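> Need the 3D shape of this:
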Amino acid sequence: MKEFINYMADPIRSFPIMTILYILMMKYYRIIGTKKFAIGAVVASLPVVAWFCMDANFRAIILWPDNIPINIIIILIAWLTWYSLYRCAQNDARIEKGECPIEATPENREKVWTWPNLVYTELMCMIGATVFLVVWAIIFKAPLEEPANPTWAPNPAKAPWYFLGLQEMLVYFDPWMAGVVLPGIIVVGLMAIPYIDTNPKGNGYFTIKERPLAMWMFMYGWLVLWIYLIIVGTFLRGPNWTFYGPFEYWDFHKVVSEYNVNLSEFLWIKWLNMPMPGNIVLREILGIILTVAYIVVIPLWSAKTKWGKKIIENTGQIRYYIFIFLLLGMTSLPIKMVLRWLFSLKYIIALPEWELNL
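Residues are numbered from 1 along each chain as shown. Just a heads-up that it's a prediction; the model follows:
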């Protein structure tokens, strides 16, 4: 069983599973967003987590001082995600009956004074957070290491937890793409969703039915393309940034043979059985054509579909093309990940002469 879990935890299999689970979660949110489901999930997960913790390798990973706050964050994200689905299910059911959302009921619209209501609550939260941090500091040792030594680098060398998603992207993209362009597109895209999707409904209350586009995109970018990558980088990447299963010992001598090939090498050497052309544009012509088609042709084609026409009708052409550009930028990450896993594809366009690799 442990070997099977290690096998399924590999990103080539766990990422599609995560995507499928996300689709099921959003599609059946009215079932998942119930107290019965939450209680059943907690009861079912407790013995599974206890069984996981019986393994020494798994315990060593989750109890690593750097990883303890990430464990807490994951639990909080799971709770808050369920709670948002719970509130969405309640409001959508009320709206279908012709009632107002819970947030719009008279008792919830009642205003209170900042003092003492808000300030008192904030004071209690500050005291509770301080007590928690003091107890945490007493129980767990601070993950401090020796002073930096230029002759020795830790293995694995990991960024802070909030940058581990970016570090995982470096496996699939060039540094300028993984460290600047994609994070910018993801962050800006998530912030731009409320301004692109100008649907006035859903402002100030929980709902999925009245804001499906915004909710589906935001939650996928947040849970699958960010939180999942942080979990992989934290718990499943060991020495040499090699993948290790949750029950696998982090052996520094583990060797994984990987040979990544550029798309141009596939075209000229493997498919056409010809030497690589000296002209760099001709050499990368297939990747250039595919990239232009992805960036230019797909938006123009989708604008003529029923789905695209509906979005243009609701938002306008400018907002539509901004939206589709951000969407294509976001989906380029899972596309490149899948291409790497299935075909060992390194770059679609490899132009080291221009320091441009996609």
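
> The nearest residue to residue 286 once chain neighbours are set aside and residue 3, how far apart?
Distances taken as Cβ to Cβ, 6 or more residues apart in numbering place residue 267 nearest to residue 286, at 4.9 Å, with adjacent residues excluded. All C-beta atoms are positioned from the backbone trio N, CA, C, and that covers glycine. Computed as Cβ to Cβ, to the nearest Å, the residue 267 to residue 3 distance reads 38 Å.

> Tell me the helix or strand right after the host helix or strand of residue 339.
Per DSSP states H and E, residue 339 falls inside helix 317-343. Downstream of helix 317-343, the first helix or strand assigned by DSSP H and E is strand 350-351.

> Quick one: list the elements packing against whichever helix or strand comes after that following strand.
Per DSSP H and E, the first helix or strand lying C-terminal to strand 350-351 is strand 356-357. Under the contact definition 3 or more Cβ pairs under 8 Å, 6 or more residues apart in numbering; DSSP states H and E, strand 356-357 sits against no other helix or strand.

> any idea where the strands of the stretch 1-150 of the chain begin and end?
Using DSSP state E, counting those that start in this stretch, no strands are found in the stretch 1-150 of the chain.

> now the helices: where do they sit in it?
2-9, 11-27, 29-32, 35-53, 56-62, 68-96, 106-109, 119-139 (DSSP state H, counting those that start in this stretch).

> Redo these as CSV? Include distance to residue 167.
Converted to CSV, those look like this (distance: least, Cβ to Cβ, whole Å):
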stretch, distance to residue 167
helix 2-9, 18
helix 11-27, 13
helix 29-32, 31
helix 35-53, 25
helix 56-62, 17
helix 68-96, 14
helix 106-109, 42
helix 119-139, 25
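
> Those: which one's closest to residue 164?
helix 68-96 (8.8 Å; Cβ to Cβ).

> average model confidence for the closest one?
Across helix 68-96, pLDDT averages out at 92.

> Show me what counts as buried in it.
By neighbour count on 16 or more other Cβ atoms under 10 Å, the buried set for helix 68-96 is 70, 73-74, 78, 81-82, 84-92, 94-95.

> ok, back up a step: and the helix holding residue 339, how far from the chain's centre?
Per Cα atoms, centre = their mean, to the nearest Å, the displacement of helix 317-343 from the mean C-alpha position of its chain is 14 Å.

> okay, and for this structure, where does confidence drop off?
By pLDDT under 70, the chain contains no weakly predicted segment.

> Domain map for it?
2-101+161-241, 113-142, 263-357 (automatic domain parsing).

> would you list these in a markdown table and tack on distance to residue 153?
Output for these, formatted as a markdown table (distance: least, Cβ to Cβ, whole Å):
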| stretch | distance to residue 153 |
| --- | --- |
| domain 2-101+161-241 | 11 |
| domain 113-142 | 21 |
| domain 263-357 | 24 |
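
> re earlier: other SSEs contacting the helix holding residue 339?
Partner elements for helix 317-343 (3+ Cβ pairs under 8 Å, 6+ apart): helix 11-27, helix 182-196, helix 298-303, helix 306-315.

> Is it possible to get TSV of those helices that adds distance to residue 324 and mean neighbour count?
Output for the helices and strands packed on helix 317-343, formatted as TSV (distance: least, Cβ to Cβ, whole Å; neighbours: other Cβ atoms under 10 Å):
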stretch	distance to residue 324	mean neighbour count
helix 11-27	20	15
helix 182-196	10	16
helix 298-303	5	14
helix 306-315	8	14
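
> how about those in TSV, adding distance to residue 121?
As requested, the helices and strands packed on helix 317-343 are arranged in TSV below (distance: least, Cβ to Cβ, whole Å):
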stretch	distance to residue 121
helix 11-27	31
helix 182-196	27
helix 298-303	47
helix 306-315	38
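
> can you tell which of the ones you listed is closest to residue 61?
helix 11-27 (15.4 Å).

> got the CA coordinates for that closest one in PDB?
The C-alpha trace of helix 11-27 is given here as PDB (Å, rounded to 0.1, in the frame of the first residue of the first chain):
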ATOM      1  CA  PRO A  11       3.200  14.800  -9.800                       C
ATOM      2  CA  ILE A  12       2.600  13.100 -13.100                       C
ATOM      3  CA  ARG A  13      -0.300  11.200 -11.400                       C
ATOM      4  CA  SER A  14      -1.200  13.400  -8.500                       C
ATOM      5  CA  PHE A  15      -1.700  16.600 -10.600                       C
ATOM      6  CA  PRO A  16      -4.400  15.100 -12.800                       C
ATOM      7  CA  ILE A  17      -6.000  13.600  -9.600                       C
ATOM      8  CA  MET A  18      -5.900  17.000  -8.000                       C
ATOM      9  CA  THR A  19      -7.500  18.600 -11.100                       C
ATOM     10  CA  ILE A  20     -10.300  15.900 -11.200                       C
ATOM     11  CA  LEU A  21     -10.900  16.300  -7.400                       C
ATOM     12  CA  TYR A  22     -11.200  20.100  -7.900                       C
ATOM     13  CA  ILE A  23     -13.700  19.700 -10.700                       C
ATOM     14  CA  LEU A  24     -15.800  17.300  -8.600                       C
ATOM     15  CA  MET A  25     -15.600  19.700  -5.600                       C
ATOM     16  CA  MET A  26     -16.800  22.600  -7.600                       C
ATOM     17  CA  LYS A  27     -19.500  20.600  -9.500                       C
END
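
> Neighbours of the nearest residue to residue 248 once chain neighbours are set aside, how many?
Nearest residue to residue 248, sequence neighbours excluded (Cβ to Cβ, 6+ apart): residue 6, at 5.4 Å. Close neighbours of residue 6, defined as other Cβ atoms under 10 Å, add up to 17.

> How about stretch 271-282, which residues are buried there?
residue 280.
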